[in-house]
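**Student:** A predicted structure for the sequence below; I have some questions about it.
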Amino acid sequence: MALVEAIGQPLARPLRGACLAAGVIIGTALAFSPALFELSSRWLNQEEYSYGFLIPVVSLCLLWSRRQALRESIGQPSWCGPVLILAAGVMNFMGQLSSAVALSWIGIVVALVGNVLAIGGYRLLRASFFPIVFLLFATPLPNFLNSALTLQLQLVSSALGASFIRTAGIPVYLDGNIIDLGTYKLLIVEACSGLRYVFPLLSLSFLAAYVFHAPFWQRALLFLSSTPIAIGMNGLRIGILGVLVEYWGPEAADGALHLFEGWIIFVACAALLIAEMYLLALSSGKTLFQVLELPTPEAVAPSQTKRPGSIRPLAACCVLLAIAAVVAPNAQPPGAVEPRTRFVDFPNKIGLWHGRSVPLDAPTESILRADDYLLADYTSADGEGINFFVAYYGNLAGKKALHSPSDCIPAGGWAIVDRRGINRVHPLERVVVAKAGKKLLVYYWFDEQGKAVANEYLANFYRLTNSIVKRRSDAALIRLVTEISPNETEDSADNRLESFLQIAEPALANYLP
């Protein structure tokens, strides 16, 4: 009997540990199931994040390669594990309540760190830290950051593409994100911004820097160079496309050739990373294969490892199950607000101003994705004109994002001459833009459920707060534009916009909840 007990105790410990680890993993999947479903949906539907399915596979392979070290590094569990899991649960709850679902995705990684601490303590975390952190590269950016970055990269890629076309001896005119070849215009849309190269190449370069045994500055250079490589090669892709269109016609810009060309460019980006690693290794007097090695963490000697406990992993399981029980039924994203008056009924006559509604073109409307909008040209009795635009979003908890005019204006080929926040009528952003000798004065602000906010980042903060507290995520962008005539001052244009606002805003209040 004593012999059976002596054998049974060592067998029971691994079995108990395996059961607790399985409970923690299952609890994590249950607690973050809404966020995991949304994350996989982004991977499926957003091409720039389609590589996301590979990141967990790579992380699992890295963990498997160090399985012996992980097994021997299991030490005393830490109470910081359940605490971190609880913090991740709060992040998940806030992310699901609001439009900032990225909080939930980051919370998954935080929860995994907490799981490791709860199971095997800091020594186990040190052995598994890189594979866990690597999962962050599968996390999409928040919508407003993704939109802003996309617009900026569209402009950079357009400029690089036009430069490559000129280098080929073809005359070209660049107007924002439109490359005019004379007989054909290349519109550099969101899909051509280069993000679908930047994000996967960043994760690839991070992994490459990890296996690259070289001085820290070389590894940092390898990682940081991935972004300019991706952007530069995307510009080259656009340039090649322009040359093909010039000599072989517009059909060269469509179909399988466009897709195939994209894959070729990504493979070329990876080849440039390998070439960079080769040159850096050569500068140290080594070959490429001499500096490539998958790091294996040193395992903790069994004599130095304390006997694992079960209370902390059990506490982690309880916290995860509590999160699953609370978040799933209660953390529903904010819905749309009550029915409102649509802009189709907005008056065409405001005071002494007479307006005429203008529809947006189909490409702009598809990018804008507003639930309702107003675009009208108003003219005063003196012949002065103002373009009035309002975009309303009833629910920004999904994939929609409010585009800031400061990002969109350069896409039309306009250069920002002056930009500053003012507080004359209420807080708003004042921008002066110029193009081909023509100057415009632009006012814009964000309406966050009755509160005027000029700064887009502050507007996102209010949106997050309102979605949690008020259970609403509706917002609007208001923009006014007037031309600054050559014979008038900017102050005169300011007075024109301010006088129009004084009579337009009371009427606008009826259309914004």
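**Tutor:** Yep, it's here.

**Student:** three-state assignment of the closest residue to F199 other than its chain neighbours?
**Tutor:** Closest residue in space to F199, ignoring its immediate chain neighbours: E48 at 5.6 Å, by C-beta to C-beta, 6 or more residues apart in numbering. From N, CA and C alone the C-beta is placed, and that goes for glycine too. Following DSSP: H, G, I helix; E, B strand; the rest coil, the label given to E48 is helix.

**Student:** gap between E48 and L202?
**Tutor:** Computed as C-beta to C-beta, to the nearest Å, the E48 to L202 distance reads 11 Å.

**Student:** what does K185 give?
**Tutor:** Counting by C-beta to C-beta - K185 and L202 are separated by 31 Å.

**Student:** settle it for me: which of these two has more neighbours?
**Tutor:** Taking neighbours as other C-beta atoms under 10 Å, K185 and L202 compare with L202 leading, 16 against 13.

**Student:** from what I see, that one and S225 are in contact.
**Tutor:** No. In this structure L202 lies outside contact range of S225 using C-beta atoms under 8 Å: 10.6 Å.

**Student:** quick check: which element contains F223?
**Tutor:** For F223, the host element (DSSP states H and E) is helix 216-224.

**Student:** for the record, mean pLDDT for the next helix or strand after that helix?
**Tutor:** Next in sequence after helix 216-224, counting helices and strands by DSSP H and E, comes helix 226-248. Per-residue pLDDT over helix 226-248 has a mean of 86.

**Student:** cool, stretch 379-398 as well?
**Tutor:** 85.

**Student:** now do the contacts for A452.
**Tutor:** The contact partners of A452, taken as C-beta atoms under 8 Å, 6 or more residues apart in numbering, are H426, P427, L428, W445, F446.

**Student:** could you look up the SS state of the spatially closest residue to it that is not a sequence neighbour?
**Tutor:** In space, and not counting its chain neighbours, A452 is closest to H426: 4.3 Å by C-beta to C-beta, 6+ apart. Following three-state DSSP, H426 is assigned to coil.

**Student:** how many residues are close by the closest residue to V83 other than its chain neighbours?
**Tutor:** Counting by C-beta to C-beta, 6+ apart, V83 lies nearest to G114, which is 7.3 Å off, once chain neighbours are set aside. Counted with other C-beta under 10 Å, the neighbours of G114 add up to 28.

**Student:** repeat for L508
**Tutor:** What L508 shows, counting by other C-beta under 10 Å, is a neighbour count of 18.

**Student:** could you list the buried residues of whatever helix or strand it lives in?
**Tutor:** Element membership for L508 (DSSP H and E) is helix 490-508. By neighbour count with 16 or more other C-beta atoms under 10 Å, helix 490-508 contains the buried residues A493, D494, R496, L497, S499, F500, L501, A504, L508.

**Student:** for the biggest helix by length in the chain, buried residues please.
**Tutor:** Ranked by residue count under DSSP state H, the longest helix found in the chain is helix 102-133. Within helix 102-133, the residues that qualify as buried are 102-128, 130-132, counting by 16+ other C-beta under 10 Å.

**Student:** ok, now which ones touch the residue most central in space within the chain?
**Tutor:** With distances taken as C-alpha atoms, centre = their mean, L141 lies nearest the centre of the chain, 2.2 Å away. Neighbour list for L141: A102, L149 [criterion: C-beta under 8 Å, 6+ apart].

**Student:** and it, how far from L352?
**Tutor:** For L141, the distance to L352 - C-beta to C-beta - is 46 Å.

**Student:** please parse the chain into its domains.
**Tutor:** 2-138+307-330, 144-291, 343-511 (automatic domain parsing).

**Student:** what's next to the helix or strand harbouring P200, contact-wise?
**Tutor:** According to DSSP H and E, P200 maps onto helix 195-211. Residues from elsewhere that reach helix 195-211, judged by C-beta under 8 Å, 6+ apart: 47-51, 55, 58, 130, 134, 137-138, 146, 149-150, 153, 219-220, 222-223, 225-227, 229-231, 233-234, 262, 265-266, 269-270, 273, 277, 292-295.

**Student:** which phi and psi does the closest residue to I231 other than its chain neighbours have?
**Tutor:** Using C-beta to C-beta, 6+ apart and skipping residues adjacent in sequence, the residue nearest I231 is G194, 5.3 Å away. Per-residue torsions, G194: phi 100, psi 0 (degrees, to the nearest 10).

**Student:** ok, N387 next?
**Tutor:** The phi/psi pair for N387 (degrees, to the nearest 10) is phi -100, psi 120.

**Student:** who's in contact with it?
**Tutor:** L375, A376, D377, Y378, L480, V481, T482.

**Student:** quick check: the residue lying closest to R166 once chain neighbours are set aside vs A159, distance?
**Tutor:** For R166, ignoring the flanking residues on the chain, the nearest one in space by C-beta to C-beta, 6+ apart is V172 at 5.9 Å. Computed as C-beta to C-beta, the V172 to A159 distance reads 11 Å.

**Student:** more neighbours: those two, which one.
**Tutor:** V172 (19 against 16).

**Student:** element containing R356?
**Tutor:** strand 353-357.
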